[in-house]
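Novice: how would this look folded up:
(chains A, B and C)
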Amino acid sequence: MAATAERVGTDDPATLADLLERVEALEAAQRGKVQKKNKMTIIAWGGDLDRIWPTTILATTAAASGMEASVFFTFWGLFALVKPDVRITGENWMQKMMSLMNAGSAKKAKLSRYHFAGAGPAMFKKLANDHQVEKPEELIATAQELGVRLIPCQMTMDLLGLKREDLIDGLEEPIGAATAIAEMRDAAVSLFI
Amino acid sequence: MAATAERVGTDDPATLADLLERVEALEAAQRGKVQKKNKMTIIAWGGDLDRIWPTTILATTAAASGMEASVFFTFWGLFALVKPDVRITGENWMQKMMSLMNAGSAKKAKLSRYHFAGAGPAMFKKLANDHQVEKPEELIATAQELGVRLIPCQMTMDLLGLKREDLIDGLEEPIGAATAIAEMRDAAVSLFI
Amino acid sequence: MAATAERVGTDDPATLADLLERVEALEAAQRGKVQKKNKMTIIAWGGDLDRIWPTTILATTAAASGMEASVFFTFWGLFALVKPDVRITGENWMQKMMSLMNAGSAKKAKLSRYHFAGAGPAMFKKLANDHQVEKPEELIATAQELGVRLIPCQMTMDLLGLKREDLIDGLEEPIGAATAIAEMRDAAVSLFI
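Specialist: A predicted model of the protein is given here:
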């Protein structure tokens, strides 16, 4: 403090010129640059349990740590938001076929590498229970409680013939790719899962 | 304005010292920090249709929104850039085998979860047609038109014995991992898809 | 320089007020924003060879380019850090089952799309040998030598009943999701692989 005051204590034009130059350099470095907020945005693309898990764990932990957190559910990921009782939603055979293949809701999500008689997901959930790790549908509920913004992809909804009422409650309005990109643009952490 | 001018209206050494300190604090906060540009860089690692799709949709939408956009095609992702008529490119049996397994071009890309008699990709493309969503090869063409920089991975090309002329036109020069990292380093959004 | 000095050469209150305003604008733009370091953080989620490969290549290349690099091994990715001789680690049948299915170490990692009689990984490694591309276990060793920080996920270790001594040497202490997020928060590049 004392040393600093001494340096500028006199009415020294060089000091003013120096300060102006340094401010200009700071402004130039900032010009056109994107500033990052204390925020995490996840593109939840995968529908398997082993992807929904890290998505919800990371988003929930981020929110619990005081970060803003948003998750954009698209493609297979959207199925995690479909109500358990919604089965056939499409208006034509193709959409029905897709819906059947991915009969919705986080409860039915598969582990992408566990294909032996369906034991995988149950096993992993049992493991999680024994070790006090939350289940995906609980994590989605917890995420909502903690203020994680859950956002469905409009294009995927259109492709699959899903309506807003086919999805669980408490979601934000569906958005498109441009808005999802805007979500990521100012986020300190953006992940595609 | 008036209040501000008042505060510094006199030749007050304390004010100059204060300004200098604040400029120094700003400089210190900026020192060694990476500035982010209005840019998206995607590492296109996956070769399946359901990964090529979000890659091209996100990159194209970013470019259409005025962002710089670059996509680095590596590993399975490189096959999306192989000309449709290129089948066996390698110089030995192993490279031929790999090439056969992934017989190239975005047109042949598979959906990673649709394995029932090949109906999946056709079905999804039909769905896309019905809903005015572009097909991958159209999205790659659109991406090029919008100025998305499409960059092949040199190492993957070497591994598979692919030459520049085996890839579609309009690509940037192949680059390695170090240059791909430099692409991501100043991008506001970096995704591995 | 001369021009700048001239502009502020006199004791002009307007200039001081202007400087103060510009410093305040710079401070406001910076307030609450996350600064990015010259650092790459990878969430290594996948256990297949074709994911371990880009993870280690990117982290090693980043470190070689002077960036700080850290890799958080979670879920299937953790198996890349398990010692080759560790087979059954769990305390109950479920953990044993999972361990068996993913019998550990980078040497045994599979290519996610190569399922024909196990020829894929051997073939790709042979390809890599012929073209002087390092193998995953060598890349992990190289990464350690270059100072890449390799960090196991505590929750995954707990889930699978793995102890610190079941993992290879030279790792950092296991961390949870909150610390992994802190790793990504100030990294210029964060990827989920």
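Novice: you'd agree residue A:152 is in a strand?
Specialist: Yes - according to DSSP: H, G, I helix; E, B strand; the rest coil, residue A:152 belongs to a strand.
Novice: By mean pLDDT, flag the weakest helix or strand of chain A.
Specialist: Using mean pLDDT, DSSP states H and E, the weakest-scoring helix or strand in chain A turns out to be helix A:2-8, at a mean of 45.
Novice: The helix or strand just after it vs helix B:13-30, what angle?
Specialist: Following helix A:2-8 in sequence order, the next helix or strand is helix A:13-30 (DSSP states H and E). If you take axes from the mean of the first three to the mean of the last three Cα atoms, to 10 degrees, helix A:13-30 sits at 30 degrees to helix B:13-30.
Novice: average model confidence for helix A:13-30?
Specialist: What helix A:13-30 shows for mean pLDDT is 87.
Novice: So in that sheet, which strands flank the helix or strand just after that helix, and in what orientation?
Specialist: For helix A:13-30, the following helix or strand on the C-terminal side (DSSP H and E) is strand A:36-44. With DSSP bridges as the test, strand A:36-44 is paired with strand A:68-73 (parallel), strand A:187-192 (parallel), strand C:33-34 (antiparallel).
Novice: tell me the SS of residue A:144?
Specialist: Going by three-state DSSP: residue A:144 is helix.
Novice: Surely it is in contact with residue A:138?
Specialist: No - applying Cβ atoms under 8 Å as the test, residue A:144 and residue A:138 come out as separate, 10.7 Å apart. Heads up, the C-betas are built off the backbone N, CA and C, glycines and all.
Novice: Which of the two has more residues huddled nearby?
Specialist: When neighbours are counted by other Cβ atoms under 10 Å in any protein chain shown, residue A:144 comes out ahead of the other of residue A:144 and residue A:138, with 17 against 14.
Novice: Distance check, the more buried one against chain B.
Specialist: 24 Å (Cβ to the nearest Cβ, to the nearest Å).
Novice: Excluding chain neighbours, give the residue nearest to that residue in space.
Specialist: Spatial nearest neighbour of residue A:144, excluding adjacent residues (Cβ to Cβ, 6 or more residues apart in numbering or on different chains): residue A:170 at 4.8 Å.
Novice: Equivalent analysis for residue A:185, please.
Specialist: If the residues on either side of it in the chain are set aside, residue A:185 comes closest to residue B:188, at 5.2 Å by Cβ to Cβ, 6+ apart.
Novice: tell me, how many neighbours does the one you found end up with?
Specialist: 25.
Novice: again with residue A:68
Specialist: Neighbour number of residue A:68 under other Cβ under 10 Å is 18.
Novice: What of residue A:172?
Specialist: Residue A:172 - counted by other Cβ under 10 Å - has 12 other residues nearby.
Novice: Can you tell me how far it is from residue A:81?
Specialist: According to Cβ to Cβ, to the nearest Å, residue A:172 and residue A:81 sit 11 Å apart.
Novice: overlap in contacts of the two?
Specialist: Common neighbours of residue A:172 and residue A:81, counting by Cβ atoms under 8 Å, 6 or more residues apart in numbering or on different chains, are A:150, A:152.
Novice: that older thread, right, and the residue nearest to residue A:185 touches residue B:41 too?
Specialist: No - using Cβ under 8 Å, residue B:188 is not in contact with residue B:41, being 9.3 Å away.
Novice: Can you check which residues contact both of the two?
Specialist: In contact with both residue B:188 and residue B:41: no residue, using Cβ under 8 Å, 6+ apart.
Novice: surely residue A:147 meets residue A:62?
Specialist: No - counting by Cβ under 8 Å, residue A:147 does not reach residue A:62; the two are 10.4 Å apart.
Novice: The two: who's more crowded?
Specialist: Each of residue A:147 and residue A:62 has its neighbours counted (other Cβ under 10 Å); residue A:62 has more, 29 against 12.
Novice: Tell me if the one helix or strand the more buried one maps to is near chain B.
Specialist: Counting by DSSP H and E, the element that carries residue A:62 is helix A:49-64. No - using Cβ under 8 Å from any Cβ of the partner chain, helix A:49-64 stays clear of chain B, coming no nearer than 11.9 Å.
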